[in-house]
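Visitor: Sequence plus predicted model, see below.
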Amino acid sequence: MAIATRTPGTGPVPPLGPVDRDPAEPRTGPVPPLGPVDRDPAEPHAVAQPTASAATEAILEARDLTKAYVLGQNRVEALRGVSLSVQPGEFVALMGPSGSGKSTLLQVLGGLDQPTSGEVILEGQAISQLSDDHATRLRRDRTGFVFQSFNLIPLLDTVENVALPFTIAGEDPTRGELRDRIRDVIALVDLTGKEHHKPDQLSAGEQQRVAIARALVTRPALLFADEPTGNLDYTTGTEILDALWRSCVERSQTIVLVTHDSKAAAYADRVHVIGDGQIRETIELGRRESHDATPLIARLAKLGL
Ligand code: ADP
């Protein structure tokens, strides 16, 4: 399948590439079946397309972001004019070598840090123009984060860790809709049966999947994942990427993934290649059933990246 590139930071995101399979065809890919959640297992498993419509409907936009860190006499320009937009349901990867500015960009996009200049617009709201309280609420209610470290609470079991956002908000997660939501995300990350395991009774990959479920349970508009496979071996990393992919395909979850790894970036619909604080290249992979990284690696090699 053809892979398109475009000049970074120029205008709206073009439509996603075509699907290289018949959507009516049953899925044969590597994604394991879900647990007993509201889906007929006999039903063909189409790969849902993200909504790639006008840029005005973008769920997230970055406009000419810069970020400088000043340490004594030294000034590091971590971001040097980054513009991008993410449409609802898209899976976008920010890929680049260590020190290129990926994590800084993710922190700024997710409202965890402020840009030096430029604007981040989340669901139509310019984050920097909001009061601190409002921005915190927006971040809490509309975004989810997964990091390289799992950050689970050792004394809590899977259900309790996943329920944490509700518990912190003073809601009772053991009843009604919240209980159903918790069960649903635990099934989505394929941990049904491990509800009462504590983190030290789970593998590293399972712990990261608990962290993903916890990030998804509030139904965020955007899930930000910063090197979520960084601490994991290849097979376990694939489990994590498959779980993220399922949330995207089956729940239309919009995902922004930071990675240095082309195997992880190959799950995305679109890859922004970051270098020296800028988007060097944008590679449109389109929504694909296969996550084979070979076409992306070949494309990067051709670009000398
Ligand atoms: P990446 O995620 O691609 O590894 P980062 O965004 O972490 O890159 O870092 C980009 C640049 O900004 C690097 O030169 C890094 O040293 C610098 N940097 C990141 N965070 C800080 C900070 N808090 N203070 C000073 N410099 C920083």
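Guide: Perfect, thanks for sending it.
Visitor: what ranges do the helices span in the stretch 51-200 of the chain?
Guide: 102-109, 132-142, 158-162, 164-168, 176-188 (DSSP state H, counting those that start in this stretch).
Visitor: Flag the shaky bits of the stretch 51-200 of the chain, pLDDT-wise.
Guide: Scanning the stretch 51-200 of the chain for pLDDT under 70 picks out 51-56.
Visitor: Show me which residues of it are close to the ligand?
Guide: Proximity of the stretch 51-200 of the chain to the ligand, by Cβ under 6 Å from any ligand atom, involves residues 69, 71, 76, 78, 96, 98-104. Any C-beta I mention is one placed from the backbone N, CA and C, and that applies to glycine too.
Visitor: buried subset of the residues you listed?
Guide: Neighbour-count burial (16 or more other Cβ atoms under 10 Å) applied to those gives 78, 96, 100-104.
Visitor: Centre-most residue in this protein?
Guide: With distances taken as Cα atoms, centre = their mean, Ile255 lies nearest the centre of the chain, 2.9 Å away.
Visitor: before we move on, what SS does that one have?
Guide: The three-state label given to Ile255 by DSSP: H, G, I helix; E, B strand; the rest coil is strand.
Visitor: unless I'm mixing things up, it is touching Arg246, no?
Guide: No: the criterion here is Cβ atoms under 8 Å, and Ile255 misses it with Arg246 at 10.9 Å.
Visitor: coming back round to it: possible to save the buried ones among the residues of the stretch 51-200 of the chain next to the ligand as a markdown table with distance to Asp190?
Guide: Formatted as a markdown table, these follow (distance: Cβ to Cβ, whole Å):
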| residue | distance to Asp190 |
| --- | --- |
| Ala78 | 36 |
| Gly96 | 30 |
| Ser100 | 32 |
| Gly101 | 33 |
| Lys102 | 27 |
| Ser103 | 28 |
| Thr104 | 32 |
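Visitor: List the contacts of the closest residue in space to Asp172 that isn't next to it in sequence.
Guide: With Cβ to Cβ, 6 or more residues apart in numbering as the criterion, Asp172 has its nearest non-adjacent residue at 7.1 Å, and that residue is Leu178. Contacts for Leu178 (Cβ atoms under 8 Å, 6 or more residues apart in numbering) come out as 163, 166, 171-172.
Visitor: Between the residues you listed, identify the one with the most neighbours.
Guide: With neighbours taken as other Cβ atoms under 10 Å, the top of the contacts of Leu178 is Ala163, carrying 23 neighbours.
Visitor: Could you pull up the contacting residues of it?
Guide: 173-174, 178, 182, 217.
Visitor: if we take the residues you listed, which one ends up nearest to the ligand?
Guide: Set against the ligand, the nearest of the contacts of Ala163 by Cβ to the nearest ligand atom is Val217 (26.5 Å).
Visitor: Asp64 versus the residue nearest to the closest one when sequence neighbours are not counted, what's the distance?
Guide: Among residues not flanking Val217 along the chain, Val185 sits closest, at 4.9 Å (Cβ to Cβ, 6+ apart). From Val185 across to Asp64, the span is 36 Å (Cβ to Cβ, to the nearest Å).
Visitor: Look at the two and report which has more neighbours.
Guide: Val185 (25 against 14).
Visitor: pretty sure the more buried one contacts Ala211?
Guide: No: checked against Cβ under 8 Å, the pair Val185 and Ala211 is beyond contact range at 11.2 Å.
Visitor: Ramachandran coordinates for the closest residue in space to Ser203 that isn't next to it in sequence?
Guide: Counting by Cβ to Cβ, 6+ apart, Ser203 lies nearest to Thr236, which is 7.1 Å off, once chain neighbours are set aside. Main-chain torsions, Thr236, degrees, to the nearest 10: phi -70, psi -40.
Visitor: From Lys263, how far off is Asp292?
Guide: With Cβ to Cβ as the criterion, Asp292 and Lys263 are 9 Å apart.
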